[in-house]
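1. For reference, the sequence and a predicted model appear below.
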4 protein chains.
Amino acid sequence: MQFRIDYGSGRPVYQQIIDQVKRDIALGRLEKGEKLPTVRQLAAQIAINPNTIVKAYRQLEREGIIITKAGSGAFVSSIDTNLTISVRKKIIHKELERTIVEAIHMQITKDTLSQWFKDCLEKFRFANRKG
Amino acid sequence: MQFRIDYGSGRPVYQQIIDQVKRDIALGRLEKGEKLPTVRQLAAQIAINPNTIVKAYRQLEREGIIITKAGSGAFVSSIDTNLTISVRKKIIHKELERTIVEAIHMQITKDTLSQWFKDCLEKFRFANRKG
Amino acid sequence: MQFRIDYGSGRPVYQQIIDQVKRDIALGRLEKGEKLPTVRQLAAQIAINPNTIVKAYRQLEREGIIITKAGSGAFVSSIDTNLTISVRKKIIHKELERTIVEAIHMQITKDTLSQWFKDCLEKFRFANRKG
Amino acid sequence: MQFRIDYGSGRPVYQQIIDQVKRDIALGRLEKGEKLPTVRQLAAQIAINPNTIVKAYRQLEREGIIITKAGSGAFVSSIDTNLTISVRKKIIHKELERTIVEAIHMQITKDTLSQWFKDCLEKFRFANRKG
DNA sequence: GTGGTCTAGACCACC
DNA sequence: GTGGTCTAGACCACA
């Protein structure tokens, strides 16, 4: 797995690690059961403090996205969520709206934005049906 | 203009003010040339320190979204951007991808997400064409 | 890095800090990746409030000139700009014109001014070509 | 004389008026002895507070650029300065340097900047010789 | 230890 | 009256 940290983004490093793990799973690059790099490996690879990796992995585990087994490492779990549909809708709507607002202030037209959204969708691997 | 601060969100107060001004403009609730509340008014209204408002207004001005005139107040500017189209595309793509990744981890189907996106789009007021 | 604040100039302190960082980079005294003094160090060194430094560094970061990493400090970024060439031309022309107007009112001849301009140019380190 | 105020520039209104009077003189649009608009006229024309005009005219008079005669108005004086050459050099150098630093951070090449400077010079009317 | 946010309150420039 | 700057000092997130 290849990690790239963008220090200019303002986004915390640990958050960027979480983002990338989630993204790779959504892209199908990381499959269920697959092993993640160890904390030490990853810390060496991207040259950051190991505590930062620990923080990222801990949060990924809290979200149910990975499972860490003492002594053997961290593994991708199956995608699941305990959030109600209304909560999920609220969260996603909020994010979509924020992006749309940004786009409007960048003078992007509705059509262009819709096209970009479609382009992005194509890249990811959705489940066919819930459950 | 009605402001609501969510102290539980973790998002800085000044950032929430920025978000809401941008959102109201994108919704068409705030028109070009319209006057924003004064720093002192707004600080009193939402019971926070005036400096926090100043910070929000300053950043909005730097982004070209409002114009502040010392002695008379802050006003909505016309929407404009200096960013090249490739930069804009990059930023928006990144945001869209992040939302899509979140949605996948919440087991939301492609169709549902597309529908939510359409629903959100309807609420906002896009420019027909740049120029 | 040596900072000098001129309290008689009327120019805000935070702005003078920004000016000096930009100037040192343009002079080649500060290289990409180099670490700036910490907020607290600099505040102590020039005997001003740390928040004033924070303000300066924040704006430098927004302009893409430095990158701040929470927990490790502020670093010189690579020079880059998102502005379109026409916007850049407009800004620089305006500044040049203002200086020329000043010079004329000071009865400086065209030749003298041209010479001064050349002299100034020599001091700075320009990129050879964009890209 | 045509005045245009840019409220988005951050430059104080009274300063912009000063800038424009000086610029028009340097361009040769305003000749020695020519009458400036009255305070009331100008205040009405650009829709601002008359006190702002008064402040601008007062500073122009202090700089010896205009002469106001009670009851008859303000007139362009002859260009003159009481600054020593070394002071003038210092002021202009500082302005030139600031512009060059900006240009470098905008990734403008030395050649382009030199060309822009020449282009600007052509627009103005310099005295042939001091004295 | 680093920078980031917010508060409380002073003083100043601008209109 | 308006916003802009600076100070002093608290608390928090990040690495």
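-> Nice, I can see it.

2. How about the contacts made by residue A:23?
-> Residues in contact with residue A:23 (Cβ atoms under 8 Å, 6 or more residues apart in numbering or on different chains) are B:97-98, B:101. Yep, even glycine has a C-beta here, placed from its N, CA and C like the rest.

3. please redo it, this time with the cut-off set to 7 Å
-> residue B:101 (Cβ atoms under 7 Å, 6 or more residues apart in numbering or on different chains).

4. same question, residue A:30
-> A:1, A:24, A:76.

5. residue boundaries of the helices in chain A?
-> Under the criterion DSSP state H, chain A contains helices at A:13-27, A:39-46, A:50-62, A:85-105, A:110-123.

6. Run a quick neighbour tally on residue A:34.
-> 14 (other Cβ atoms under 10 Å in any protein chain shown).

7. cool, and residue A:24?
-> By other Cβ under 10 Å, 19 other residues sit near residue A:24.

8. Residue A:108 too?
-> 21.

9. Model confidence for it, exactly?
-> At residue A:108, the model reports a pLDDT of 96.

10. ok, back up a step: of all the contacts of residue A:30, which comes closest to chain C?
-> Closest approach to chain C among those (Cβ to the nearest Cβ): residue A:1, at 22.7 Å.

11. The closest residue to residue A:76 other than its chain neighbours and residue A:74, how far apart?
-> Among residues not flanking residue A:76 along the chain, residue A:34 sits closest, at 4.9 Å (Cβ to Cβ, 6 or more residues apart in numbering or on different chains). As judged by Cβ to Cβ, to the nearest Å, residue A:34 and residue A:74 stand 10 Å apart.

12. Likewise for residue A:52?
-> Separation of residue A:52 from residue A:74 (Cβ to Cβ): 15 Å.

13. do the same with residue A:39
-> To residue A:74, residue A:39 is 8 Å away according to Cβ to Cβ.

14. Then residue A:92?
-> Distance from residue A:92 to residue A:74, by Cβ to Cβ: 26 Å.

15. now do residue A:88
-> Taken as Cβ to Cβ, the span from residue A:88 to residue A:74 is 25 Å.

16. out of the two, which sits in the busier spot?
-> residue A:74 (23 against 19).

17. Next, the contact list for the more buried one, please.
-> Residue A:74 makes contact with A:36, A:57, A:66, A:68, according to Cβ under 7 Å, 6+ apart.

18. What does the pLDDT read for the residue lying closest to the first one once chain neighbours are set aside?
-> For residue A:36, ignoring the flanking residues on the chain, the nearest one in space by Cβ to Cβ, 6+ apart is residue A:74 at 4.3 Å. As predicted, residue A:74 sits at a pLDDT of 95.

19. any idea how far residue A:74 is from chain C?
-> With distances taken as Cβ to the nearest Cβ, to the nearest Å, residue A:74 is found 24 Å from chain C.

20. With residue A:2 instead?
-> Distance from residue A:2 to chain C, counting by Cβ to the nearest Cβ: 21 Å.

21. swap in residue A:53?
-> 14 Å.

22. neighbours around that residue, how many?
-> 25.

23. same deal with the one 10 residues further on?
-> By the other Cβ under 10 Å criterion, the neighbourhood of residue A:63 contains 14 residues.

24. Which residue, other than its chain neighbours, is closest to it?
-> Leaving out its chain neighbours, the residue that sits closest to residue A:63 by Cβ to Cβ, 6+ apart is residue B:105, at 7.7 Å.

25. State the distance from the one you found to DNA strand E.
-> 26 Å (Cβ to the nearest atom of the strand, to the nearest Å).

26. swap in residue A:110?
-> Relative to DNA strand E, and taking Cβ to the nearest atom of the strand, residue A:110 is found at 31 Å.

27. what's the answer for residue A:55, then?
-> Relative to DNA strand E, residue A:55 is positioned 13 Å away (Cβ to the nearest atom of the strand).

28. Residue A:107 contacts residue B:83, doesn't it?
-> No. Using Cβ atoms under 7 Å, residue A:107 is not in contact with residue B:83, being 9.1 Å away.

29. which regions of chain A sit below the pLDDT cut-off?
-> Where chain A drops to pLDDT under 70, the residues are A:129-131.

30. change it to 90
-> Within chain A, the segments meeting pLDDT under 90 span A:1-2, A:8, A:70-71, A:78-82, A:125, A:127-131.

31. what does it have sitting close to chain C?
-> Contact residues (Cβ under 7 Å from any Cβ of the partner chain) of chain A with chain C: A:7-8.

32. Where does chain A get nearest to DNA strand F, residue-wise?
-> Closest to DNA strand F within chain A is residue A:13: 3.2 Å, counting by Cβ to the nearest atom of the strand.

33. Next, count neighbours for that residue.
-> Neighbour count for residue A:13, taken as other Cβ under 10 Å: 23.

34. show me the contacts for it.
-> Contacts of residue A:13 (Cβ under 7 Å, 6+ apart): A:5, A:48, A:52.

35. For residue B:75, see how far away it is.
-> If you go by Cβ to Cβ, the gap between residue A:13 and residue B:75 works out to 39 Å.

36. can you list the domains in chain A?
-> Per automatic domain parsing, the structural domains of chain A span A:13-76, A:85-123.

37. Show me what counts as buried in the shortest one.
-> In this case it means domain A:85-123. With burial defined by 16 or more other Cβ atoms under 10 Å in any protein chain shown, the residues of domain A:85-123 counted as buried are A:88-89, A:92-93, A:95-108, A:110, A:112-113, A:116-117, A:120-121.

38. End to end on it, go ahead and measure it.
-> Using Cα to Cα, to the nearest Å, the end-to-end distance of domain A:85-123 comes out at 24 Å.

39. And stretch A:28-39, by the same measure?
-> One end of stretch A:28-39 to the other measures 22 Å (Cα to Cα).
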